[in-house]
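[1] have a look at this prediction, sequence included:
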Amino acid sequence: MYLIIIALVIAAVVFGPGIWVRRVLERYALPPDRYEGSGAQLARHLLNKSGLADVTVEKTPDGDHYDPEAKAVRLTEDKFDGHSLTAITVAAHEVGHAIQDHEGYAPLRIRSRLVRATRGLERLGAGVLLIAPFIGALTRAPGLGILMFAAGLLTLGTSTLVHLATLPTEFDASFTRALPMLDKYGILKTVDRRHAHRILRAAALTYVAASLMSLLNIARWWALLRR
């Protein structure tokens, strides 16, 4: 019974945020013609109003994000061409990151460095996980294999830790930057403001939700180790 309860709690922690984020974004993606302008058009408008004409707005298949190196707000097709409440609100959130970058917002710079470092650590961790069983078998030292496995597992978990530690950066982009801009320029329909608040919270939690899902990789490797 206790194992079932523990399993349910773990499932709620890992899957819950991702399910909630997806449901919120999908709910307000309808109606698809809620606003006259698209997400890309709104992003361009807000960037120009913020003195960021040099920041580009691009379509991407790799998830909505702001690239501080390329100085580009990147939106997925449904946000770039979309006219829904979700499309314009997520676009405003990413513009919020562009403004953070322009203003030299220190937590964003720290987050960018941590994310770059994490990518390398994750590749290293995956490599450790792949060779650990073979090292253990060749050296006939199971303890060494387990130690390498543990190192790999910890490495793969760094992404989740980074996104949790830098979550205030996401909330700043949503509620200190994006929402005030939407209010200032009268973008939102009055009845949509409280819904936009939920979307901005979901946008802030997107990376955390995705990284929590990545913890399933750790569970799979642990299951292999136990065999």
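    Perfect, I can see it now. Bear in mind the structure is a predicted one, so any value in this text is a computation, not a measurement.

[2] just the C-alphas of the helix or strand harbouring D78, formatted as PDB.
    D78 belongs to helix 77-80 when assigned by DSSP states H and E. C-alpha atoms of helix 77-80 as PDB (Å, rounded to 0.1, in the frame of the first residue of the first chain):
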ATOM      1  CA  GLU A  77       4.300  27.900 -35.500                       C
ATOM      2  CA  ASP A  78       1.100  27.900 -33.400                       C
ATOM      3  CA  LYS A  79       2.300  31.000 -31.500                       C
ATOM      4  CA  PHE A  80       4.100  32.700 -34.400                       C
END
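
[3] name the helices or strands packed onto the helix or strand just after that helix?
    Moving toward the C-terminus from helix 77-80, the next helix or strand (DSSP H and E) is helix 85-102. In this structure, helix 85-102 packs against helix 2-27, helix 39-49, strand 65-67, strand 72-75, helix 77-80, helix 106-139, helix 179-184, helix 193-226, with contacts taken as 3 or more CB pairs under 8 Å, 6 or more residues apart in numbering; DSSP states H and E. The way it works is simple: take the backbone N, C-alpha and C, and place the C-beta from them, glycine included.

[4] count the residues that sit near D67.
    D67 sits with 19 neighbouring residues when counted by other CB atoms under 10 Å.

[5] contact partners for it?
    D67 makes contact with R74 under the criterion CB atoms under 8 Å, 6 or more residues apart in numbering.
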